[in-house]
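# Predicted model and sequence below, questions to follow.
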Amino acid sequence: MNLTVFRKHLSDNRRGFVGWALAITAIAAMYSSMWPVMGRNSSLATAIDSFPTAMRDAFHLQDYGTAAGYFGSTVFGLLVPILLVVFAVGAGTKAIAGDEEAGLLDLALAHPVRRVRLATSRWLAVLAAIVLVGAVLLVVELALRVPAKFAAISMANLAAMTVQLVLFGCCFASIAFGIGACTGRRTYAIVGGAYATVVSYLADSFLPQIKGLHWIQSYSPFHWYLGGDPLQNGLQWTHCALLVALSLCCAAIGIRGFDRRDVSLGS
């Protein structure tokens with residue numbers, strides 16, 4: 001890794017990175033603060049408990065009346081991870097393909113730094129930004145834990161859930177980064193990242209409800225992120241390893257492709 005490239009990429013994109021961190025945390029805090037209204041005895045929780053089992057499984061609405069169930073289906077279940085994926089795919093795309101199409105990559109390549117180190121440093125800068133999002137989110141959730149009355153979720157389990165959220169975001173950032181670095185096309189990276197997100201979500205939620213397709217859930221990054229109920233059972237080491245492995249594979253393919261192909265320079 002080249003520290004100069006790493007710091008430069010973080011510095012150039014700091015406003016966007018910090019803005020996304022604050023926006024995602026604000027959404028999470030809003031839903032977290034609503035937990036006292038959505039408790040076990042609320043009419044909404046009772047209504048959700050009456051939904052068909054398949055529907056509750058598809059939308060991760062199991063045990064909605066408990067703190068872990070509520071946070072697993074709202075804060076960490078859909079909106080926050082989807083927003084993080086949007087940010088991650090955008091950041092992963094811009095790291096190579098976005099700047100290449102905008103004509104901003106030629107200045108970086110003009111410096112005496114190998115392509116592999118340049119791409120690796122920018123990829124790691126994107127991952128660092130996602131870690132920033134997770135750190136801010138965790139600090140706010142821990143601060144709200146007692147006032148918003150979800151102390152039933154331990155600090156360790158909140159940290160475990162946040163770690164898996166960060167790895168989940170890094171996974172999709174790496175997918176978009178890999179496609180963009182290989183092709184140099186921003187559109188391909190965004191479409192590829194979006195397609196992977198949709199397929200992964202369907203494989204975790206709706207497709208397993210079809211008879212004979214339950215096995216597909218085991219191959220979904222969404223399942224690696226949420227499966228095993230980290231808010232109740234702590235860090236899921238196997239799922240974390242799968243997210244890390246996929247991230248490394250996608251990044252390695254992208255870096256190798258970037259090192260071997262012709263790069264379009266200039267606007």
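All right, it came through fine. Residues are numbered from 1 along each chain as shown.
# What's the separation between W237 and L84?
Noted for W237: a distance of 21 Å to L84, by CB to CB, to the nearest Å. C-beta: built from backbone N, CA, C; applies to glycine.
# More neighbours: the two, which one.
Remark: of W237 and L84, L84 carries more neighbours, 25 against 9, as counted by other CB atoms under 10 Å.
# Leaving out sequence neighbours, find the closest residue to that one.
Spatial nearest neighbour of L84, excluding adjacent residues (CB to CB, 6 or more residues apart in numbering): G169 at 4.4 Å.
# burial count for the one you found?
By the measure other CB under 10 Å, the count of residues near G169 is 32.
# Identify the residues contacting it.
With contact set as CB atoms under 8 Å, 6 or more residues apart in numbering, G169 has these partners: 81, 84-85, 87-88, 130, 133-134.
# Report the two of those separated the most.
V85 and G134 (13.4 Å; CB to CB).
# For the protein, just list every one of the helices.
In the chain, the helices defined using DSSP state H lie at 3-12, 14-33, 43-49, 53-58, 67-73, 80-93, 99-101, 105-109, 115-144, 155-183, 186-204, 221-226, 230-233, 237-260.
# Those helices into CSV, with extra columns for distance to K211?
CSV is the format used below for the helices of the chain (distance: least, CB to CB, whole Å):
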stretch, distance to K211
helix 3-12, 47
helix 14-33, 33
helix 43-49, 24
helix 53-58, 11
helix 67-73, 24
helix 80-93, 27
helix 99-101, 45
helix 105-109, 49
helix 115-144, 37
helix 155-183, 28
helix 186-204, 15
helix 221-226, 18
helix 230-233, 28
helix 237-260, 25
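# okay, these in TSV with mean pLDDT and distance to G212 next?
Output for these, formatted as TSV (pLDDT from 0 to 100; distance: least, CB to CB, whole Å):
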stretch	mean pLDDT	distance to G212
helix 3-12	88	46
helix 14-33	93	35
helix 43-49	63	27
helix 53-58	60	14
helix 67-73	85	26
helix 80-93	95	27
helix 99-101	85	43
helix 105-109	76	47
helix 115-144	95	36
helix 155-183	96	27
helix 186-204	93	14
helix 221-226	94	17
helix 230-233	92	28
helix 237-260	95	23
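# And the ones you listed: which comes nearest L213?
L213 lies closest, by CB to CB, to one member of these: helix 186-204, at 8.6 Å.
# could I get that closest one in PDB with only the CA atoms?
Below are the C-alpha coordinates for helix 186-204, written out as PDB (Å, rounded to 0.1, in the frame of the first residue of the first chain):
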ATOM      1  CA  ARG A 186     -18.300   3.300 -14.300                       C
ATOM      2  CA  THR A 187     -21.600   2.100 -15.700                       C
ATOM      3  CA  TYR A 188     -20.500  -1.500 -15.500                       C
ATOM      4  CA  ALA A 189     -19.400  -1.200 -11.900                       C
ATOM      5  CA  ILE A 190     -22.600   0.500 -10.800                       C
ATOM      6  CA  VAL A 191     -24.900  -1.900 -12.600                       C
ATOM      7  CA  GLY A 192     -22.800  -4.900 -11.500                       C
ATOM      8  CA  GLY A 193     -22.900  -3.800  -7.900                       C
ATOM      9  CA  ALA A 194     -26.700  -3.100  -8.000                       C
ATOM     10  CA  TYR A 195     -27.300  -6.400  -9.700                       C
ATOM     11  CA  ALA A 196     -25.300  -8.300  -7.000                       C
ATOM     12  CA  THR A 197     -27.200  -6.400  -4.300                       C
ATOM     13  CA  VAL A 198     -30.600  -7.300  -5.700                       C
ATOM     14  CA  VAL A 199     -29.800 -11.000  -6.400                       C
ATOM     15  CA  SER A 200     -28.200 -11.300  -2.900                       C
ATOM     16  CA  TYR A 201     -31.300  -9.800  -1.200                       C
ATOM     17  CA  LEU A 202     -33.700 -12.000  -3.200                       C
ATOM     18  CA  ALA A 203     -31.500 -15.100  -2.400                       C
ATOM     19  CA  ASP A 204     -31.800 -14.300   1.300                       C
END
